[in-house]
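> Sharing a model prediction with you, sequence too.
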Amino acid sequence: MKSVLITGANRGIGLETAKQLSQKGLFVYLGSRDLQKGKAAVKELNDKGFQNVKAVNIDVTKPETIISAKNTIEKEQAQLDVLINNAGISGTVPQHALETSIDNFEDVFEVNLYGVVRVTQTFIDLLKKSPEPRIVNVTSSVGSLTLQSDPNWQAYDDAKLAVYASSKSALNMYTVHLAYELQDTAFRINAVCPGYTKTAFTNYNGGEVEVAGKRIIKYALIDQNGPTGKFFSEEYNETGECPW
């Protein structure tokens, strides 16, 4: 049975992704910075008939929790097949380039970029033990430099979030470098935007969470002929690939 770790998975898109991967027969480690909330989410899934889901305490800003989660998964599975770096925060809004505080930038980058780096570097050895390792970095189309520079983009005036957008651009760049360094291996590593989705993150505006989950899972389970080092946003483009 393949195993997957999803960070920030006790609610929203992360929880939906956990649900869908459980349905597909994977053993799901549901990462939550609050273990009790994680356990409550697992109970919710179990009550609905979903199996092979376990909560693990993982706060991407606290290395000791990441190491502890890694030790648990290594003991129970010996390897990790899929890592979904889903945990993220938007930061305090509004986010004007000339007025937003450095503290706001630091808080968001701590989770959205540094947290991904911490988790990925900690789990890379377990992923290397998988015959078909996959990493999905959950990003956003607002991190696209091309779209942010295009006055014809439908979200041009609405997506000017200097902090959040910058963090996702940086995450996209990290994804490119990670894929490059592992290009001659079985890894498939991509940045995936699930789209503007009805969750607490968006005050429940946007598309359905089930669709967002499917978009992530598509790249978490791609075969060896699938892409790596790419940026996908099916909300932007039905063919999937998004301009950097």
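Here it is on my side, so go on.

> Can you check what pLDDT the model gives the residue nearest to the spatial centre of the chain?
Most central in the chain under CA atoms, centre = their mean is residue 86, positioned 2.4 Å from the mean C-alpha point. Residue 86 carries a pLDDT value of 98.

> Hmm, it is touching residue 10, no?
No - taking contacts as CB atoms under 8 Å, residue 86 lies outside contact range of residue 10: 10.5 Å. (Glycine included, C-beta is placed from N, CA and C.)

> if I look at the two, which residues touch both of them?
Counting by CB atoms under 8 Å, 6 or more residues apart in numbering, no residue touches both residue 86 and residue 10.

> where's stretch 231-240 relative to the chain centroid, distance-wise?
Distance, stretch centre to chain centre, for stretch 231-240: 16 Å (CA atoms, centre = their mean, to the nearest Å).

> Please identify the buried residues of it?
For stretch 231-240, burial by neighbour count (16 or more other CB atoms under 10 Å) applies to 231, 232, 233, 234, 235, 236, 240.

> Tell me which of the residues you listed fall in strands.
231, 232, 233 (DSSP state E).

> Closest one of those to residue 28?
Distance ranking of those against residue 28, using CB to CB, places residue 232 first at 21.8 Å.

> got the residue ranges for the strands in this structure?
For the chain, the strands defined by DSSP E cover 3-6, 27-32, 53-57, 82-85, 134-138, 188-193, 230-233.

> how about TSV for the ones you listed, with distance to residue 64 added?
Listed next are the strands of the chain as TSV, based on distance: least, CB to CB, whole Å:
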stretch	distance to residue 64
strand 3-6	16
strand 27-32	14
strand 53-57	10
strand 82-85	18
strand 134-138	22
strand 188-193	26
strand 230-233	32
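
> Select, out of the ones you listed, the one closest to residue 99.
Nearest of the strands of the chain (CB to CB): strand 188-193, 26.6 Å.

> what about the closest one, distance to the chain center?
The chain centre lies 9 Å from the centre of strand 188-193; the measure is CA atoms, centre = their mean.

> Pairing partners for it, with directions?
Sheet pairing for strand 188-193, assigned by DSSP bridges, gives strand 134-138 (parallel), strand 230-233 (parallel).

> Can you find which helix in this protein contains the most residues?
Determined from DSSP state H, the single longest helix within the chain is helix 162-181.

> Show residues contacting it.
Taking CB under 8 Å, 6+ apart as the rule, helix 162-181 contacts 90-92, 95-97, 100, 104-105, 108-109, 112-113, 116-117, 120, 135, 137, 139-140, 142-145, 148, 159, 187, 189-191, 228-229, 231, 244.

> Among the residues you listed, name the buried ones.
90-91, 95, 100, 104-105, 108-109, 112-113, 116, 120, 135, 137, 139-140, 142-144, 148, 159, 187, 189-191, 228-229, 231.
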